[in-house]
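*Asks:* need a structure here:
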Amino acid sequence: MVDVMADISLLEAGNQLKYNGGLLPDKVWERDYDFIFKKHKVSAADFKQTIAWYRKHPEVFSKTMEKVITRLQSAELKASNKPKTPVQDASSQEPPVLKVKPEPAAAKP
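*Replies:* Reported below is the predicted structural model:
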């Protein structure tokens, strides 16, 4: 369940950024959640049943979410330690110097 919840956390955060915090149509959420459920071979009904169980066992849910957060932090750290490509490292490079000839000044009448 930790893997499913981690992917859902990423999905929800990504959609909030992508759509600037706006409300998304249910079809978008259904499509995205279905992708995650298929990836982890879980049905939507099983997921809903598990969430209902967690509601009755908040201490277990809390421990599960701690594992989710640890997993996401670990993935973030791993991603930040990857060698940077020129595109990722562009902010540290000097901007290119363009050789542009100035246009001749317009003659005054």
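*Asks:* Please determine how far the residue nearest to V60 when sequence neighbours are not counted is located from K82.
*Replies:* Distance criterion CB to CB, 6 or more residues apart in numbering; nearest residue to V60, sequence neighbours excluded, is Y54 at 6.5 Å. C-beta coordinates here come from the backbone N, C-alpha and C atoms, glycine included. According to CB to CB, to the nearest Å, Y54 and K82 sit 34 Å apart.
*Asks:* These two: which has the busier surroundings?
*Replies:* Shown here are Y54 and K82; by other CB atoms under 10 Å, Y54 has more neighbours (17 against 8).
*Asks:* who touches the helix or strand containing the more buried one?
*Replies:* Y54 belongs to helix 44-56 when assigned by DSSP states H and E. Applying CB atoms under 8 Å, 6 or more residues apart in numbering, the contact partners of helix 44-56 are M1, V4, Y33, D34, F37, V60, F61, T64.
*Asks:* Scan the chain for its longest helix.
*Replies:* Looking across the chain with DSSP state H, the single longest helix is helix 58-80.
*Asks:* What is that one packed up against?
*Replies:* Counting contacts by 3 or more CB pairs under 8 Å, 6 or more residues apart in numbering; DSSP states H and E, helix 58-80 is packed against helix 2-18, helix 44-56.
*Asks:* What's the mean pLDDT across that helix?
*Replies:* Average pLDDT, helix 58-80: 92.
*Asks:* That one: how far from the chain's middle?
*Replies:* 14 Å (CA atoms, centre = their mean, to the nearest Å).
*Asks:* separation between the most centrally placed residue in the chain and L24?
*Replies:* In the chain, the centroid-proximal residue (CA atoms, centre = their mean) is G14; its distance is 3.7 Å. Between G14 and L24 the distance, using CB to CB, works out to 11 Å.
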